[in-house]
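Peer 1: here is the input, now give the coordinates:
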Amino acid sequence: IYERALEVDPRNVTSYLKYVEMEMRHKFINHARNLWERACRTLPMVEQLWYKYAYMEELLGNYTNAREIFRKWMTWKPGKSAWWTYLKFEERMGELENCRIILDDFIDVYPELETYIKAAKFEEKLRNRERSREYYQKAIKELGERAMDEKFFLQFINFEKRNREAERVRILYQFALEHIPKERAKHLYDSYVQFEKEHGSKDSIETVILNKRRHFYEEEIVKNPLNYDNWFDYIRLEESTSETVRAREIYERAIANVPPVEEKEYWKRYIYLWYNYALFEEVVAKETLRAKLIYEKIISIVPHAKFTFAKLWILFSQFFIRQKDIDNARKTFGCSIGKCPREKIFKAYIEMEFQLGNMERCRKIYGKYIECFPEASNAWIEYAHLEQAVEEIDRARAIYAIAIEQNLDMPESVWKSYIDMEISLNEYEKVRNLYTQLMLKSKHVKVWISYAMFEASINEQAKARKLYAEANEYFKKAEMTEERVLILENWLKFESECGGKENIDIVKSKLPKRVKKRRKVVVGVDEAGKEGEDIGWEEYFDYIFPDDESGKKSLKLLDKAYKWKQEQSSTEDKKPEQLHLHMIY
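Peer 2: This next block holds a predicted model:
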């Protein structure tokens, strides 16, 4: 049976395994051996067959045969696990020279760092230090750039540490740090620092490392002086040494590299050098006069006519506030508003005056804010919130009343804020008047829903129901299907929460049916206004409302189609029964 199975599918691994298992179970060893030979010739890349063949010979004590099987297997250059199985076999046999030959062949087939490291560890396990070191050195020599790997050098260094070769370790660290890029040698560097802490003086170690990093940054800066990230790293290094003079020197060199193009995109990183420089002088060096001069210098450098930085003005003003110089802070804000008004500057100025309790100044600033940005909805809303916070409700209403007449960027947010204020004050008639005004400007579906939800929230179910009905009629006449569906869904939700069964049934009777339709897809329109190329049909969903005349006809047609479908399915179910009776008779 097995032979016939293999004739049908000679490459079926399972058939071979079951066949051999049967022969071995009945102690037909030669038959099993012949089958293994046959299987390995047929499927030489299936490692499982070789494993089991060699394992069988080893169990039987035929070590020579097992070794020969492994040698044949290795000629096919199998995976790494196969080589290690062969190596473990020879190790069990105590044939160390054979193990070394296998390792050399393994490295020839797989010239990778991993294989060199495993070979070195094997020799180290046998306490053959020189051979182990040779493998590490051979990897560096033969692999070249591929050997410049942090993990490899850490393995090599740890090997030398275990052998108490401190000088070799130091040489390896220096060699690795010279040839491996900084971003790929973080752990190596940390390990080097730890090693030097154990075997050298602290000051000398830190000085060497510091100079090395300085040299690195200097090289990067020479390559590209406009790469401000390198300057930031270099400055951070000098600040960590607490050498104020040297850090100041690096800051001066960094800010001298002004972007060559007067475009804000190129100045965004550069300006942070000035921010950090000013804060360094103020906080670290305690030189407030120098910090002030730095702010004034950068303000004179930035081309405010083309672009500006609101954060620069705000930081300068906050510097004066920390020095308890409110007048200069106000002058700075005023100068920025005069030269280059920005919304962030107005907000920071208002925040300062509000914390100082100067409401009149806040009002004046808001007036200037609105004058500069009349379309900014947030400006009007925040101004009204300020008046509301100090309980000046009439002023807040007046601000909202002016705002809703403007051409705003987000008028809906102003209307919402105005309505929310009146609701919080329980001025429901004013809320209704506001909704009435809003309905004159916009008949958007969200306005209808918001108005109805407001009425429902104050237990005016009849008015809410009336609004939903009016909205349904409006969108019906306007033939706005999606909006009408949205109204009916919200109406049904409202009736489910507040209405009775009769009202729910009324709304449900108005709900449409969602049907799938097809339409032609036409691409392009020619100059004469005729339709372009017809590229086929597409499916889309439409809604059919019961109270529409066309909808009634469509629904009747759908009902008839549904009944016909049911009749067809019932007819198909009966056919097998009729056929069965006919066969009986």
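
Peer 1: show me which positions of stretch 482-490 end up buried.
Peer 2: 483, 484, 485, 486, 487, 488, 490 (16 or more other CB atoms under 10 Å). Heads up, the C-betas are built off the backbone N, CA and C, glycines and all.

Peer 1: distance to residue 311 for those - can I get that in a markdown table?
Peer 2: Shown next, in a markdown table, are the buried residues of stretch 482-490 (distance: CB to CB, whole Å):
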| residue | distance to residue 311 |
| --- | --- |
| 483 | 44 |
| 484 | 49 |
| 485 | 48 |
| 486 | 43 |
| 487 | 47 |
| 488 | 50 |
| 490 | 45 |
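
Peer 1: just those: which are in helices?
Peer 2: Among these, the members falling in helices (DSSP state H) are 483, 484, 485, 486, 487, 488, 490.

Peer 1: pretty sure the last one is touching residue 450, no?
Peer 2: No: taking CB atoms under 8 Å as the definition, residue 490 is not a contact partner of residue 450, at 10.1 Å.

Peer 1: just to revisit the earlier point, which one among the buried residues of stretch 482-490 gets closest to residue 409?
Peer 2: residue 483 (24.0 Å; CB to CB).

Peer 1: and the next element down the chain from whichever helix or strand residue 351 is part of?
Peer 2: Using DSSP states H and E, residue 351 sits in helix 343-356. The C-terminal neighbour of helix 343-356 among helices and strands, as given by DSSP H and E, is helix 359-372.

Peer 1: helices and strands around the helix or strand just after that following helix, which ones?
Peer 2: With elements assigned by DSSP H and E, the helix or strand that comes after helix 359-372 is helix 377-389. Using 3 or more CB pairs under 8 Å, 6 or more residues apart in numbering; DSSP states H and E, the elements in contact with helix 377-389 are helix 343-356, helix 359-372, helix 393-403, helix 411-424.

Peer 1: tell me the average confidence for helix 377-389?
Peer 2: Helix 377-389 carries an average pLDDT of 94.

Peer 1: so what touches that helix?
Peer 2: 343, 346-347, 350, 354, 359, 362-363, 366, 369-370, 373, 393, 395-396, 399-400, 402-403, 406, 408-411, 413-414, 417-418, 421 (CB atoms under 8 Å, 6 or more residues apart in numbering).

Peer 1: repeat for stretch 485-497
Peer 2: With CB under 8 Å, 6+ apart as the criterion, stretch 485-497 contacts 445, 448-449, 452-453, 456, 464-465, 468, 471-472, 475, 503-504, 507-508, 510-512, 543.

Peer 1: ok, now stretch 150-166?
Peer 2: 113, 117, 120, 124, 129, 132-133, 136, 139, 168-169, 172-173, 176, 180, 184-188, 191, 195, 199.

Peer 1: tell me where the stretch 1-150 of the chain has helices.
Peer 2: 2-8, 13-25, 29-42, 47-59, 63-74, 80-93, 96-109, 113-125, 129-143, 150-162 (DSSP state H, counting those that start in this stretch).

Peer 1: one more: the stretch 201-350 of the chain?
Peer 2: Under DSSP H, counting those that start in this stretch, the stretch 201-350 of the chain gives helices at 202-223, 228-240, 244-255, 264-279, 288-301, 310-322, 326-339, 343-356.

Peer 1: let me know the angle separating the fourth one from helix 310-322.
Peer 2: Okay, so that is helix 264-279. Relative orientation of helix 264-279 versus helix 310-322 (axes from the mean of the first three to the mean of the last three CA atoms, to 10 degrees): 20 degrees.

Peer 1: next one: the longest one
Peer 2: With the same axes, to 10 degrees defining the directions, helix 202-223 sits at 140 degrees from helix 310-322.

Peer 1: now the third one
Peer 2: With the same axes, to 10 degrees applied, the angle from helix 244-255 to helix 310-322 works out at 150 degrees.

Peer 1: quick one: mean pLDDT over helix 244-255.
Peer 2: 94.

Peer 1: now it: buried residues?
Peer 2: Quick answer for helix 244-255 (16+ other CB under 10 Å): 244, 247, 248, 250, 251, 254, 255.

Peer 1: ok, the residues you listed vs residue 221, which is closest?
Peer 2: Nearest member of the buried residues of helix 244-255 to residue 221, counting by CB to CB, is residue 254, at 8.8 Å.

Peer 1: for residue 273, see how far away the spatially closest residue to the closest one that is not a sequence neighbour is.
Peer 2: Spatially, and ignoring its direct neighbours in sequence, residue 254 is nearest to residue 231 (4.1 Å; CB to CB, 6 or more residues apart in numbering). The gap separating residue 231 from residue 273 is 6 Å, by CB to CB, to the nearest Å.

Peer 1: same check, this time on residue 364
Peer 2: 35 Å.

Peer 1: coming back round to it: just the buried ones from the contacts of helix 377-389?
Peer 2: Applying 16+ other CB under 10 Å to the contacts of helix 377-389 flags 346-347, 350, 354, 362-363, 366, 369-370, 373, 395-396, 399-400, 403, 408, 411, 414, 417-418, 421 as buried.

Peer 1: in what helix or strand does residue 535 lie?
Peer 2: Using DSSP H and E, residue 535 falls in strand 531-544.

Peer 1: quick check: end-to-end length of stretch 102-118?
Peer 2: 12 Å (CA to CA, to the nearest Å).

Peer 1: give me the buried positions along stretch 289-304.
Peer 2: Buried, per 16+ other CB under 10 Å, within stretch 289-304: 291, 292, 294, 295, 298, 299, 302.

Peer 1: in space, what's closest to the second one - neighbours in sequence excluded?
Peer 2: Right, residue 292. Nearest to residue 292 is residue 319, by CB to CB, 6+ apart, at 7.1 Å.

Peer 1: list the contacts of the one you found.
Peer 2: Contacts of residue 319 by CB under 8 Å, 6+ apart are 278, 282, 291, 292, 295.

Peer 1: in JSON lines: the helices of the stretch 1-150 of the chain, plus mean pLDDT, distance to residue 263 and mean neighbour count.
Peer 2: Formatted as JSON lines, the helices of the stretch 1-150 of the chain follow (pLDDT from 0 to 100; distance: least, CB to CB, whole Å; neighbours: other CB atoms under 10 Å):
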{"stretch": "helix 2-8", "mean pLDDT": "63", "distance to residue 263": "75", "mean neighbour count": "11"}
{"stretch": "helix 13-25", "mean pLDDT": "67", "distance to residue 263": "67", "mean neighbour count": "17"}
{"stretch": "helix 29-42", "mean pLDDT": "68", "distance to residue 263": "70", "mean neighbour count": "17"}
{"stretch": "helix 47-59", "mean pLDDT": "71", "distance to residue 263": "62", "mean neighbour count": "18"}
{"stretch": "helix 63-74", "mean pLDDT": "74", "distance to residue 263": "64", "mean neighbour count": "17"}
{"stretch": "helix 80-93", "mean pLDDT": "75", "distance to residue 263": "55", "mean neighbour count": "17"}
{"stretch": "helix 96-109", "mean pLDDT": "77", "distance to residue 263": "56", "mean neighbour count": "16"}
{"stretch": "helix 113-125", "mean pLDDT": "83", "distance to residue 263": "47", "mean neighbour count": "19"}
{"stretch": "helix 129-143", "mean pLDDT": "85", "distance to residue 263": "47", "mean neighbour count": "17"}
{"stretch": "helix 150-162", "mean pLDDT": "86", "distance to residue 263": "40", "mean neighbour count": "18"}
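
Peer 1: all set now, cheers.
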